[in-house]
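Engineer: Provided below are the primary sequence and the corresponding predicted coordinates.
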Amino acid sequence: MERLTSFARGGGCACKIPPGELEDAVGALTGQVGGADARVLVGLDDGDDAAAVLVREDLAVLSTADFFTPVVDDAYDWGRIAAANALSDIYAMGGTPVMAINLVGWPRERLPMELMTEVLRGGLDIATEASCPVIGGHSIDDPEPKYGMAVTGIADPARLLRIDAAAPGQPLTLTKPIGVGILNNRHKATGEVFAEATASMTRLNRDAGRSAVENGLKAATDVTGFGLLGHLHKLCRASGVGAVIDRAAVPVFQAALDALADGYVPGGSRRNLDWVRPHLTTGPGITDDDLVLLADAQTSGGLLVAGELPGHPVIGHTVAGSGITVR
């Protein structure tokens, strides 16, 4: 049987529509926040991780959906990674997932349905770890396999983590190493398996999200398809701040550095860098490879938090002004 990743033009969150094109496409749909419906707390305006709607004075409902093509050849692991990635949007806003439904596209004449069952089993196991029931879903016959979840969560509206709530002078914390996009690209090309990447992508962002809320922090996002630089740019733009990143402080998988040197860079990572480059200033010694790595399209990456989280590295800080400096 053909390798699962061979069915995908791109892998994982690297197959996202480029950020600039996506923003142009949805630009006409913004404006609900602060509009006629006061229940909408977070909408499309700043590209936050999930929507938030007030249903009671002390309760916000969060909603998100995320799916993608195979990022690894192991069907069970793909399901686990996709589920952790979808759940992350809820954690990135300081919420708790309460229900999920599966979203599946499957080439049923080319891939056995038993393989789809393995994907769904992986998703269910991660959702069970998150204490989030998975109740049915929707599937279509699709020449390119796709899997993910739509997730509903809840949060205290007064304690939401938002992309527009950073202030100057805050440390920036990153909770997972970067480089999985490059490693997934190498895996797709060669079949080489990187257990450390799979372990990272299947690790829930639950504890990091809870820690941010418990420490009274206000601004966060998860680092996925637009890379560290892309998601930081969105956070800075929405919050009206700039940022300084210390390249040496950013945690990176060593194998990703080796794969980068060998040229295994996803097209999505290069598109991310092209999008954010006009907003970048670089210090002495920062190479284009450094920037490609910082823009690498992550799948189920960590949280980027404005504030300090115990046990996780501080990789820079916010500043007054705009733009991102990498030094």
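Structural biologist: Everything's here; your move. Numbering: from 1, shown residues only.
Engineer: can you tell me, leaving aside adjacent residues, what's nearest to residue 126?
Structural biologist: Leaving aside its sequence neighbours, residue 126 sits nearest to residue 83 (CB to CB, 6 or more residues apart in numbering; 3.9 Å). All C-beta spots, glycine's among them, are computed from the backbone N, C-alpha and C.
Engineer: so which strand or helix has the one you found?
Structural biologist: Per DSSP states H and E, residue 83 falls inside helix 75-91.
Engineer: against which helices or strands is that helix packed?
Structural biologist: strand 59-68, strand 96-106, helix 113-129, strand 146-155, helix 195-201, helix 206-214, strand 219-222 (3 or more CB pairs under 8 Å, 6 or more residues apart in numbering; DSSP states H and E).
Engineer: okay, the ones you listed, which one's buried deepest?
Structural biologist: strand 219-222 (a mean of 27; mean count of other CB atoms under 10 Å).
Engineer: which helices and strands does it pack with?
Structural biologist: helix 75-91, helix 227-239, strand 303-306.
Engineer: let's see it at 10 Å
Structural biologist: Judged by 3 or more CB pairs under 10 Å, 6 or more residues apart in numbering; DSSP states H and E, strand 219-222 is in contact with helix 75-91, helix 206-214, helix 227-239, strand 303-306.
Engineer: from residue 156, how far out is residue 58?
Structural biologist: 7 Å (CB to CB, to the nearest Å).
Engineer: who's more crowded, these two?
Structural biologist: Counting neighbours by other CB atoms under 10 Å for residue 58 and for residue 156 shows that residue 156 has the greater number, 13 against 9.
Engineer: check contacts around that one.
Structural biologist: The contact partners of residue 156, taken as CB atoms under 10 Å, 6 or more residues apart in numbering, are 58-60, 94-96, 213.
Engineer: ok, residue 259 touching residue 188?
Structural biologist: No. The pair formed by residue 259 and residue 188 falls short of the contact definition of CB atoms under 10 Å, at 11.3 Å.
Engineer: need the contact list for the residue located most distally from the centre of the chain.
Structural biologist: Distance from the centre of the chain peaks at residue 109, with 31.2 Å (CA atoms, centre = their mean). Residues near residue 109 by CB under 10 Å, 6+ apart: 141, 143.
Engineer: now with 8 Å?
Structural biologist: For residue 109, the contact set (CB atoms under 8 Å, 6 or more residues apart in numbering) is empty.
Engineer: what's the weakest-modelled helix or strand in this protein?
Structural biologist: helix 19-26 (a mean of 64; mean pLDDT, DSSP states H and E).
Engineer: next secondary structure after that one?
Structural biologist: strand 40-42.
Engineer: which strands border that following strand, and is each parallel or antiparallel?
Structural biologist: Take DSSP bridges as the rule and strand 40-42 pairs in its sheet with strand 51-56 (antiparallel).
Engineer: picking up where we left off before, pretty sure the residue nearest to residue 126 contacts residue 150?
Structural biologist: No. Residue 83 lies out of contact with residue 150 (CB atoms under 8 Å); the separation is 11.4 Å.
Engineer: overlap in contacts, those two.
Structural biologist: Taking CB under 8 Å, 6+ apart as the criterion, residue 83 and residue 150 both touch residue 100.
Engineer: okay, now the domains of this structure?
Structural biologist: What automatic domain parsing lists as the domains of the chain is 4-158, 161-326.
Engineer: ends of the shortest one, what's the gap?
Structural biologist: Think domain 4-158. 43 Å (CA to CA, to the nearest Å).
Engineer: comparing the domains of the chain by mean pLDDT, which bottoms out?
Structural biologist: Comparing mean pLDDT over those, the weakest stretch is domain 4-158, at a mean of 89.
Engineer: quick check: end-to-end length of stretch 67-85?
Structural biologist: Termini of stretch 67-85 sit 8 Å apart (CA to CA).
Engineer: check the offset of it from the chain's centre.
Structural biologist: Taking CA atoms, centre = their mean, to the nearest Å, one finds stretch 67-85 lying 13 Å from the centre of the chain it belongs to.
Engineer: and residue 249, how many neighbours does it have?
Structural biologist: Residue 249: 12 surrounding residues under other CB under 10 Å.
Engineer: and the most centrally placed residue in the chain, what is it in contact with?
Structural biologist: The centre of the chain sits closest to residue 224, judged by CA atoms, centre = their mean, with a distance of 2.6 Å. With contact set as CB under 8 Å, 6+ apart, residue 224 has these partners: 13, 16, 85, 88, 231, 297-301.
Engineer: any chance of a markdown table for those residues, columns neighbour count and distance to residue 283?
Structural biologist: Formatted as a markdown table, these follow (neighbours: other CB atoms under 10 Å; distance: CB to CB, whole Å):
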| residue | neighbour count | distance to residue 283 |
| --- | --- | --- |
| 13 | 29 | 28 |
| 16 | 21 | 29 |
| 85 | 28 | 32 |
| 88 | 30 | 31 |
| 231 | 27 | 21 |
| 297 | 32 | 24 |
| 298 | 33 | 23 |
| 299 | 28 | 29 |
| 300 | 32 | 30 |
| 301 | 29 | 24 |
